[in-house]
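S.K.: quick check, what structure comes out for this input:
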Amino acid sequence: MGRLFGTDGVRGIANEELTCELALSIGRAISCILTDKEQSPKVIIGHDTRASADMLVNSLIAGLCSMGASVINAGTVSTPCVAFLVKELNLNAGIMVSASHNTWEYNGIKVFGSDGYKLPDALEDRIESIVLEPEKYVSFSSKKVGTCEQLENAVNMYSEHLKGSVSENLSGLRIALDCSNGSACVSAKNIFSSLGASVDVIAAEPSGFNINEKCGSTHIELLREAVLNDSLDVGFAFDGDADRCLCIDENGELVDGDQILAMCALDMKKRGKLKNNTVVGTVMTNFGFNKFCKKNGITFLPTKVGDRYVLEEMLIGDFIIGGEQSGHIIFSDYATTGDGQLTALQVLSLMKRSGKKLSELKSVMKRYPQELINISVSAEGKLRFYNDTAVQSAIREAENELSEDGRIVVRPSGTEPLIRVMTEGGDKELITNVARRVADVIAQRL
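M.R.: Coordinates of the predicted model:
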């Protein structure tokens, strides 16, 4: 089998790929590692609104308790809420059951250490080793059984923490929140309205089967309509576990993660708060962001795709802001992972302090045209990607054709059975044609 953990935890179709048995084994493996260091470790676990959440959460709890760990069940919360509570409650680990922006039939398992950060690859590999060969590591004892308790005020604790990240009253701002029928449903309206904003909430009626369905950060059409129809100041779209945020300005135009990074970083620089004068992004960050950074004397550091890699670079260099075009933005003064609701608060704070509309704030960065094509591939095809000579040859030819006028990034998705082809440059027709040619080769070969 391929590596159990992708760029954002374990993920698959619930009850087919991500089964109760696998969740039980992962729970046991996590408990094994924790009990090596701690006599009676405590783990907090939360989940989004998917129908499969109870099934997988209870399987994880059974696995954890069977090896001596005790569990605090936070219920329906966001991923950044779990990361916050691990540190806040001085616990040994945190687990979030969510497949983020994927549709309802998928689910996933994300693990956080006692510091609130996602686990490094080496520790994920240890968990995987125990899952694959339990007979080497797992032993049971009637004297080594954990317990489970419910945490009733998880959402309130997290909400108060977020509200403390801004000092401005948001009265006078009229906003829309697209909760993606996911985790943000339990917290977003209260957070923003209690700070004075006038709030319209959409996609906040989860059924277990409608998370991310034609809503949220992957489908911003619903939010655009809400902003334009009611002449609102701004709209924010979260994903299923609320660790992403994209914006819609007052004109109905998308403001992506790169633009959010740019406006917030420039504001930090002007206020003397941009630590080490650096912003961290990824290889997928728009070329226009590089131009923005050079113009404003800001250092830009790109990493591999995945907010975990952005965060690793931020920790190494002691930087305070980084993120991805997809809307994973990390403000390390307040969070250990991407946080959509925190990001929205920082944008509103900037709007309030500056007195500027979002369309004006985002204009500090010019976006270069990009073409992104996702090609569905088999599991075997995804593994063959790096060694297929025809595919690699097509990529090299594309690089030569684009030369200094653009670039191409081709990579397997860390969370889905896809190969992503992204081209970028000043000539839209050229980058589109190049992307399609490479995509055709990948589709034929993989």
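
S.K.: host element of Y158?
M.R.: helix 154-163 (DSSP states H and E).

S.K.: partners of the helix or strand that that helix is followed by, with directions?
M.R.: Using DSSP H and E, the next helix or strand after helix 154-163 towards the C-terminus is strand 174-178. Sheet pairing for strand 174-178, assigned by DSSP bridges, gives strand 198-202 (parallel), strand 234-238 (parallel).

S.K.: pretty sure F238 contacts S180?
M.R.: Yes - using CB atoms under 8 Å, F238 is in contact with S180, at 5.4 Å. Every C-beta, even on glycine, is put in place using the N, C-alpha and C of the backbone.

S.K.: find residues that contact each of these two.
M.R.: G216, S217 (CB atoms under 8 Å, 6 or more residues apart in numbering).

S.K.: what's the nearest residue to F300 if we skip its chain neighbours?
M.R.: Among residues not flanking F300 along the chain, C293 sits closest, at 4.2 Å (CB to CB, 6 or more residues apart in numbering).

S.K.: which residues sit in contact with the one you found?
M.R.: By CB under 8 Å, 6+ apart, the contact list for C293 reads V279, T299, F300.

S.K.: and the helices in the stretch 301-446 of the chain, which stretches?
M.R.: For the stretch 301-446 of the chain, the helices defined by DSSP state H, counting those that start in this stretch cover 307-317, 340-354, 358-362, 379-384, 389-402, 428-445.

S.K.: from those helices, which stretch is densest packed?
M.R.: helix 340-354 (a mean of 23; mean count of other CB atoms under 10 Å).

S.K.: tell me the phi and psi of V255?
M.R.: phi -120, psi 110 (degrees, to the nearest 10).

S.K.: help me confirm that it comes into contact with V364.
M.R.: No - applying CB under 8 Å as the test, V255 and V364 come out as separate, 11.3 Å apart.

S.K.: span of stretch 99-117 from start to end?
M.R.: In stretch 99-117, first residue to last residue: 18 Å (CA to CA, to the nearest Å).

S.K.: for it, the distance to its chain's centre please.
M.R.: Its chain's C-alpha centre and that of stretch 99-117 lie 9 Å apart, by CA atoms, centre = their mean, to the nearest Å.

S.K.: flag the shaky bits of this structure, pLDDT-wise.
M.R.: Flagging of the chain using pLDDT under 70 yields the residue ranges 1-2.

S.K.: of the helices of the stretch 301-446 of the chain, give the one that comes closest to Y158.
M.R.: helix 340-354 (8.9 Å; CB to CB).

S.K.: angle of the closest one against helix 154-163?
M.R.: Using axes from the mean of the first three to the mean of the last three CA atoms, to 10 degrees, the inter-axis angle of helix 340-354 relative to helix 154-163 is 30 degrees.

S.K.: just checking, what packs against helix 340-354?
M.R.: Using 3 or more CB pairs under 8 Å, 6 or more residues apart in numbering; DSSP states H and E, the elements in contact with helix 340-354 are helix 79-88, helix 154-163, helix 188-194, strand 234-238, strand 245-248, helix 257-270, strand 329-331, helix 358-362.

S.K.: please save the CA atoms from the fifth one in CSV.
M.R.: As requested, the backbone C-alpha atoms of strand 245-248 are provided in CSV (Å, rounded to 0.1, in the frame of the first residue of the first chain):
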residue,chain,number,x,y,z
CYS,A,245,-11.0,31.1,4.2
LEU,A,246,-11.6,32.8,0.9
CYS,A,247,-13.2,36.2,0.5
ILE,A,248,-15.6,37.9,-1.9
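
S.K.: so in that sheet, which strands flank it, and in what orientation?
M.R.: Next to strand 245-248 in the sheet, as set by DSSP bridges, lie strand 234-238 (antiparallel), strand 254-255 (antiparallel).

S.K.: so how far is the longest one off the chain centroid?
M.R.: Which is strand 234-238. 15 Å.

S.K.: same thing with the last one?
M.R.: Distance of strand 254-255 from its chain centroid, counting by CA atoms, centre = their mean, is 17 Å.
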